[in-house]
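S.K.: sequence-free structure coming up:
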Ligand code: SF4
Ligand code: SF4
C-alpha cells in the first residue's frame with residue numbers, strides 16, 4: 001500500500017467518525033515482552049495474566065500468515081441505560097461504554113475497511129491487547145486509572161484491531177500517562193476500592209470492581225467488596241465520571257431495553273437465552289446484552305431493592 005493509499009484509507013475512516021492508525025505487526029513482539037516483564041516483576045497478578053493476557057496472539061495468525069500490519073481503529077461508544085421494573089419502580093442501570101455492540105461495531109468497521117480499499121486487502125479480527133496497541137500506535141493515551149483515552153471522546157470509545165496484509169507507516173509511541181494526569185488525582189480519590197495508587201503506574205487490578213463483576217455469577221464477590229460500591233450492571237464508572245478528560249462525553253447515554261417485572265425476575269434467576277420468552281431474548285440480542293446473562297443475577301441483585 002502506498003503512502004497515498006494509506007492516507008486515503010485513514011481519511012475515509014475519519015469521515016465515518018472513526019480514527020485509525022496502521023503500525024507494523026512486528027511491534028507485537030515488543031508488546032509481548034513488555035507484558036511479560038510486568039508479569040515477571042509481579043506488577044500483573046497471576047489471575048489477570050491468565051484471564052486476559054495469555055489468550056492473546058503475538059504474531060501473524062494462521063489464517064493470514066502474510067499479515068504485515070495492525071490496523072487499529074477507535075470507534076466512539078456511549079454508555080447504555082437499561083431499565084429494570086422492580087417492586088413497582090423503574091430502576092435505571094448503567095452499562096459502561098465497550099460492553100455492548102462490539103460485534104456489530106467490529107463488523108461495520110471491517111466492512112468499511114474492505115470497501116475503502118476495494119477489497120484489495122484482508123482485515124482479520126486480532127486477539128491482541130487492543131488498548132495497548134491503541135496507545136503504542138499514538139491513537140490513545142493511558143490515564144492514571146489505566147483506562148485509555150482517545151481524543152475528545154475520552155474513555156467513551158472502543159479500540160478495534162485487525163491484522164492486515166496492507167503496509168502501514170504509523171510509528172511506535174512509548175507508553176506514557178496523559179498530560180492532564182500530572183496535576184490531577186480525581187480518579188484516585190473517587191475509586192471506592194483504592195485500586196488506583198500514587199505509588200505506581202499500574203493500578204492494583206485485583207482490587208478493581210471490574211475484575212470481580214465480570215466473573216460468572218457463580219463466583220461470589222470477595223468479602224471486602226462493600227455492596228454500596230456497585231454502580232453499573234457490569235464494570236464501574238466511578239473513575240471515569242470524575243475524569244476531566246471525559247467532560248464532553250460523560251452525558252452520552254443511549255437508551256437500552258426496558259425489562260418488565262416478570263422479565264427482571266427471570267433475569268435474576270439466571271435463565272439461559274433459549275429458556276427465556278422470545279420477546280425477552282430479542283431485547284437482549286438486539287443490544288448484544290446476551291453476553292451478560294451469566295453475570296446479571298449476582299450483579300443486578302446489588303443494584304435492586306430486594
Ligand atoms: S481523573 Fe485525572 S488523574 Fe485520573 S485519569 Fe482522569 S485526568 Fe488522569
Ligand atoms: S473502575 Fe472502579 S474500581 Fe476500578 S479503578 Fe476505576 S473506580 Fe476503581
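M.R.: Okay, I see it. Since the structure is predicted, the reported quantities are computational estimates derived from the model, not experimental observations. Ligands and ions are numbered 1, 2, ... in the order given.
S.K.: wait, does stretch 94-113 make contact with ligand 2?
M.R.: No - using Cβ under 6 Å from any ligand atom, stretch 94-113 stays clear of ligand 2, with a minimum separation of 8.6 Å. Heads up, the C-betas are built off the backbone N, CA and C, glycines and all.
S.K.: how about the residues of the protein near ligand 1?
M.R.: Selection of the chain residues close to ligand 1 by Cβ under 6 Å from any ligand atom yields 143-145, 178, 180-181, 184-187, 242-245.
S.K.: run the last query once more with 8 Å
M.R.: Residues of the chain lying close to ligand 1 (Cβ under 8 Å from any ligand atom) are 143-145, 147, 149, 177-178, 180-181, 184-188, 190, 196, 239, 242-246.
S.K.: show me where the stretch 101-250 of the chain has strands.
M.R.: 123-125, 141-142, 148-149, 157-164 (DSSP state E, counting those that start in this stretch).
S.K.: what lies in contact with the second one?
M.R.: The reference is to strand 141-142. By Cβ atoms under 8 Å, 6 or more residues apart in numbering, the residues outside strand 141-142 that reach it are 135, 148, 149, 175, 176, 177, 178, 201.
S.K.: would you confirm that the second one contacts residue 135?
M.R.: This points to residue 148. Yes - with contact defined as Cβ atoms under 8 Å, residue 148 reaches residue 135; the gap is 5.9 Å.
S.K.: tally of neighbours for residue 242?
M.R.: Neighbours of residue 242 under the rule other Cβ atoms under 10 Å: 17.
S.K.: kindly apply the preceding question to residue 303 instead.
M.R.: The number of residues packed around residue 303, counting by other Cβ under 10 Å, is 18.
S.K.: any idea how far residue 231 is from the residue nearest to it when sequence neighbours are not counted?
M.R.: Using Cβ to Cβ, 6 or more residues apart in numbering and skipping the chain neighbours, the partner closest in space to residue 303 is residue 93 (5.5 Å). Counting by Cβ to Cβ, to the nearest Å, the gap from residue 93 to residue 231 is 9 Å.
S.K.: gap between the closest residue to ligand 1 within the stretch 1-150 of the chain and residue 246?
M.R.: Nearest residue of the stretch 1-150 of the chain to ligand 1: residue 143, at 2.7 Å (Cβ to the nearest ligand atom). According to Cβ to Cβ, residue 143 stands 9 Å off from residue 246.
S.K.: now the angle between strand 157-164 and the helix or strand residue 38 falls within, please.
M.R.: Using DSSP states H and E, residue 38 maps to helix 27-40. Computed by axes from the mean of the first three to the mean of the last three Cα atoms, to 10 degrees, the angle separating helix 27-40 from strand 157-164 equals 130 degrees.
S.K.: next SSE after helix 27-40?
M.R.: Using DSSP H and E, the helix or strand that follows helix 27-40 in sequence is helix 46-48.
S.K.: please name the nearest non-neighbouring residue to the residue nearest the centre of the chain.
M.R.: Nearest to the mean C-alpha position of the chain, counting by Cα atoms, centre = their mean, stands residue 98 at 4.0 Å. Spatially, and ignoring its direct neighbours in sequence, residue 98 is nearest to residue 158 (4.9 Å; Cβ to Cβ, 6+ apart).
S.K.: does that neighbour touch residue 77 like I think?
M.R.: Yes - at 4.8 Å, residue 158 counts as touching residue 77 under the criterion of Cβ under 8 Å.
S.K.: who touches both of these two?
M.R.: Common neighbours of residue 158 and residue 77 (Cβ under 8 Å, 6+ apart) are 97, 98, 105.
S.K.: for the last one, list the residues it contacts.
M.R.: Think residue 105. By Cβ under 8 Å, 6+ apart, the residues touching residue 105 are 75, 77, 158, 160.
S.K.: run a quick neighbour tally on the spatially closest residue to the last one that is not a sequence neighbour.
M.R.: Nearest-residue entry for residue 160: residue 73, 4.8 Å, with adjacent residues in sequence omitted and distances by Cβ to Cβ, 6+ apart. Per other Cβ under 10 Å, the neighbour tally for residue 73 reads 28.
S.K.: tell me who's in contact with residue 73.
M.R.: 13, 18, 19, 20, 109, 113, 159, 160, 161, 162.
S.K.: how far away is the fifth one from residue 7?
M.R.: If I follow you right, that is residue 109. For residue 109, the distance to residue 7 (Cβ to Cβ) stands at 18 Å.
S.K.: neighbour count: the two, which is higher?
M.R.: It is residue 109, of residue 109 and residue 7, that has more neighbours when counted by other Cβ under 10 Å, with 23 against 12.
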